[in-house]
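[1] Predicted model and sequence follow; I will ask about them next.
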Amino acid sequence: MMKKLIFYILLMGLYGFASAHAGHTISSQQKQQPVIYTCPMHPEIQSTRLRNCPKCGMKLVMQKKKSVQPKKAAPVKKSLSAKKGHMGDMKMSPQKAGTETPSLGETYTCPMHPEIHESKPGNCPKCGMKLVKETPKMVPIKHEGMDMPMKEDAKKMDNMKGMQMGSDNATMENIKKAKSQLGPIKTISSNTPPRTVRYDLYIADTTVTYGKKSKRAIAVNGQIPMPTLTFTEGDTALIYVHNNLDEETSLHWHGLFLPNRMDGVPFLTQMPIKPHSTYVYKFPIVQHGTHWYHSHSKLQEQIGMYGAFIMNKRKEWDIPTIPVVLSEWTDMNPEEVHRSLKNATDWFAIQKGATQSYAEAIKTGHFKTKVNNEWKRMNAMDVSDVFYDAFLINGKNQNEQPQFKAGDKVRLRIANGGASDYFWLKYAGGKITVVATDGNDVEPVEVDRLIIAVSETYDVVVTIPENKSYEFLVTPEDRTKSASLWLGKGEKVQAGIMPRLKYFAGMKMMNEMMDIQGNMIEMEGMKMQNQIMDMNTVMYPEITGVENPKTENKKADMAGMQMPNDKSMAGMNMADNNPDIITLNYNMLRDPKKTTLPKGPWKELKFDLTGNMNRYVWTLDNKTVSESDKILIKKGENVRIIMFNNSMMRHPMHLHGHDFRVLNEQGENAPMKNVLDIMPMERDTIEFAATEPGGDWFFHCHILYHMMSGMGRVFSYENSPANPDITDTRVAKRGLNSDDRAFHPMATIGLESNGSDGEFMLANTRYRFSTEWRLGLKSHHGNESETYFGRYIGKMQWLFPFIGFDYHYNSMENERENNLFGQLSNQKNRKAAVIGVQYILPMLVTAEARLDSKGKLRFQLMREDIPVSSRLRMNFMANTDKEFMGGFRYIVTKYFSLSTHYDSDMGYGGGITITY
């Protein structure tokens, strides 16, 4: 019986392996049917040729269909069956070329699956998106494979109301309205001539209680955030940094144009500031706007080393202004946070209530979604990496600013100083007027909300409507907690909490966006760029409605997707009972001046943003900083960078020392930024003028833990003179590369009534050293250990070839027996070198094949931590040596679990498991 079970498991594993790499076959019936193409935005368009839509110019996409059966003269009928729901079910009468037949009755369709047609409103049976009304229109009649002309008002489509792929007119209308609402704002000129402004910054350890416990933090001049540094254009900054820590540090001036030696990147533009020493930064202030500064050493930014850096114009707005620094706090040591991410623990998901286990999937009607997810070898979906204990605005969770009265306009200079969180910004007092980003002015635009990426800055203006206290709400993207800035005095007016995300809806969308090889699938004909299509919107209950599995349509979990419209340019509200929500995106940003680059030679670079959550590896073109050479550029060149986000996470890409143009709909007035938020599946283009005299400039993802994993490059000006601050280039190179090459430890120790089994592992981006053991409580149960060292191969790192050593001792009398390959297995005293390979199969099952120095072959299937419920995990193992194991682990704390398992050698056991 056991042999049959093991053979069955092996057979299923081999089937999964083959399925993962085999193409899809097409039946003869499918081959015989003609391919029909349709427009995602104009579903009435159908063609047998792959071409562009005659209405909007978008590339047509292939439409799923069934066979078309002609009938005698009869009006065109559409199948209203949700089960059929294909355009192929439409039965057409033969007509003369050029004739048209009107559709009958009121019908509803899906924006993403236009072949769906229903007689009643509801949700798409394929994706769950809310159906929208179809306008009665003339259906094109095909004659001998040719599309006939159609009559239809091209100015409006009720079923896609307001949806415009690139509506520059809408942005201009928004700007016009925002300027009118903003009105004339007085300015005040600086009477102080340019001068040298000195700051002394004293960096020291401190203890804070932002979460549930008192923890170590780093304060500057005794405060968190660090002091706001204020200058005026034309000044000279003179900053003395006194490092009173027992460790090295540095300060980077984010977004500033300054001499390369002053940029503050340890081992690249300077050597680290030694403990108990002073370092002087001096540079001219040649720009204006809201910026910030932070440590660029290790993970110090996470525990307090961030602050606002404000540069005023010589003629600045005379309006109340507040620097607003957003950040997060974790009671966990940031080094432990980083190690936990590398070890693929789901403890943060447990804390967030976002584990997406099988029990939760079944409860919400998403079992198939969960299976599809794991079939594609994806872990549970999340929109941020870390669970945080608190979120802060200028160092406080609740920040009161009561000095404002009705009618006052307030300028908020907002910098996201968080290590890994994007933040939603909402205001209870009305619209938010965006007037600048990353220190650069933009034409004012009004929005209901905006999301600010890690390290981005935005200047916004809000109005106090009445003599009340209005909430400016800051919510992390995962919506676990929030922080509030209260403007005004009196009765408090809340902005309204943002509802929790619908993770299974996002998981279902991600299944459609990713192939089985882990690559993002670009949607044919849809231009994914500049945040104009927020694919995460399927998870937003405020847009798509509350997820309720008990409703009559259990497939309605993915009730809508936010797509660009003429009001928000970031989302169309597909829920009938909610107003449109105007959300900022990059297409709405327009520089008041022309930003075209000067004439000169061009250098074009292309990067795929790559990585995987399983091992928390983040790269550009599957290479880390330490694995890539510097990118040489020349002064006077214009550099264009085209990036495709081929990962499941969004990445805020930051360029040191330069602003770049974000190519959007504004043409010559494209906005200037130094941070680009690039969402999954987006392809964005930036360009900058290489105007610096020389030096090395860092380009990296600004999520701190992504950067530490190696997601970046170094741009280096050709023929740059040697940097005198880099005293030893070899030491500097090792220091720069040390972050992504660092090894991280992990251990699992089971202590149960039948013995102990566990694993110790050291791993970095590419390499892993591990040793497993099984120690029986009784001598006849035996002892066994397997030690492997190997390297991960490929972008997704599913392949792991290794070498190692196997020791096995068992004193039982039947120590010599045949394995499933008919080979003798010496379990009594086996000492053998091994060589083998591991591969991650669909369903996240690890298949292992190895050959030892005794000539014995072994094949094994195993999986750890199958999420049965939010805290219950299952694991199993079976191999051709007739060894097998299965067990459960209930997670109590991050490091402690209750566990039980059955082992073919040691029998049943129960106890505890310690994880690190």
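    It's in.

[2] Assign residue 198 to helix, strand or coil.
    Per DSSP: H, G, I helix; E, B strand; the rest coil, the secondary structure class of residue 198 is strand.

[3] Helix, strand, or coil at the spatially most central residue of the chain?
    For the chain, the residue nearest the mean C-alpha position is residue 649 (1.8 Å; Cα atoms, centre = their mean). At residue 649 the chain is in coil, as set by three-state DSSP.

[4] thought it was touching residue 682?
    No: with contact defined as Cβ atoms under 8 Å, residue 649 and residue 682 do not form a contacting pair (11.8 Å). Yep, even glycine has a C-beta here, placed from its N, CA and C like the rest.

[5] which residues does the residue nearest to the centre of the chain contact?
    Contacts for residue 649 were tallied using Cβ atoms under 8 Å, 6 or more residues apart in numbering; they are 385, 611, 613, 618, 680, 703, 706.

[6] for it, phi and psi?
    Backbone geometry at residue 649, expressed as degrees, to the nearest 10, gives phi -110, psi 150.

[7] before we move on, the earlier item: okay, and which of the contacts of residue 649 map to strands?
    Of the positions in those, 611, 618 sit in strands, assigned by DSSP state E.

[8] could you show me where the helices are in the chain, in order?
    2-21, 28-32, 168-182, 334-342, 347-352, 358-363, 367-375, 503-513, 541-544, 704-708, 729-741 (DSSP state H).

[9] Any buried residues in the shortest one, and which?
    In terms of neighbour count (16 or more other Cβ atoms under 10 Å), helix 541-544 has its buried residues at 541, 543-544.

[10] Can you name every helix or strand that that helix contacts?
    The criterion is 3 or more Cβ pairs under 8 Å, 6 or more residues apart in numbering; DSSP states H and E, and there are no helices or strands that helix 541-544 contacts.

[11] avg pLDDT for it?
    Per-residue pLDDT over helix 541-544 has a mean of 85.

[12] With the first one instead?
    For helix 2-21, mean pLDDT is 45.

[13] again with stretch 705-717
    Per-residue pLDDT values across stretch 705-717 average out to 97.

[14] Quote the end-to-end distance of it.
    Counting by Cα to Cα, to the nearest Å, the length from the leading to the trailing residue of stretch 705-717 is 27 Å.

[15] cool, and stretch 290-310?
    The straight-line separation of the ends of stretch 290-310 (Cα to Cα) is 5 Å.

[16] In this model residue 735 seems to touch residue 726, though I could be wrong.
    No: Residue 726 sits out of contact with residue 735 when judged by Cβ under 8 Å, with a separation of 10.0 Å.

[17] if I look at these two, which residues touch both of them?
    If you check residue 726 and residue 735 against Cβ under 8 Å, 6+ apart, the residues they both contact are residue 267.

[18] coming back round to it: closest one to residue 850 among the helices of the chain?
    Nearest to residue 850, of all the helices of the chain, is helix 2-21, at 14.5 Å by Cβ to Cβ.

[19] For the stretch 351-500 of the chain, just list every one of the strands.
    Taking DSSP state E, counting those that start in this stretch as the criterion, the stretch 351-500 of the chain contains strands spanning 390-393, 398-401, 409-416, 423-427, 432-437, 440-447, 449-452, 457-463, 469-476, 483-487, 492-493.

[20] Report the mean confidence score over the last one.
    Along strand 492-493, the predicted local confidence has a mean pLDDT of 97.

[21] Quick one: distance of it to the chain centre.
    Centre-to-centre, strand 492-493 and its host chain are 33 Å apart (Cα atoms, centre = their mean, to the nearest Å).

[22] what's the answer for the second one, then?
    Its chain's C-alpha centre and that of strand 398-401 lie 30 Å apart, by Cα atoms, centre = their mean.

[23] Between the helices of the chain, which one is closest to residue 312.
    Among the helices of the chain, helix 168-182 comes nearest to residue 312, with 19.1 Å by Cβ to Cβ.

[24] average pLDDT across the closest one?
    When the per-residue pLDDT values of helix 168-182 are averaged, the result is 90.

[25] and it, what other elements does it pack with?
    Judged by 3+ Cβ pairs under 8 Å, 6+ apart, the packing partners of helix 168-182 are strand 432-437, strand 440-447.

[26] Give the rounded mean pLDDT of the shortest one.
    With pLDDT averaged residue by residue, strand 432-437 scores 98.

[27] just the angle between it and strand 457-463, please?
    Angle between the axes of strand 432-437 and strand 457-463 is 150 degrees (criterion: axes from the mean of the first three to the mean of the last three Cα atoms, to 10 degrees).

[28] quick one: strand 432-437 to strand 440-447, angle?
    Using the same axes, to 10 degrees, one finds that strand 432-437 and strand 440-447 are set 160 degrees apart in direction.

[29] For strand 432-437, which helices and strands make contact with it?
    Judged by 3+ Cβ pairs under 8 Å, 6+ apart, the packing partners of strand 432-437 are helix 168-182, strand 440-447, strand 449-452, strand 457-463.

[30] Make CSV out of those and add distance to residue 423 and mean neighbour count.
    Formatted as CSV, the entries for those read as follows, by distance: least, Cβ to Cβ, whole Å; neighbours: other Cβ atoms under 10 Å:
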stretch, distance to residue 423, mean neighbour count
helix 168-182, 22, 16
strand 440-447, 14, 22
strand 449-452, 5, 23
strand 457-463, 10, 24
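
[31] Of those, which is nearest residue 796?
    Among the helices and strands packed on strand 432-437, strand 449-452 sits nearest to residue 796 (Cβ to Cβ), with 27.8 Å.
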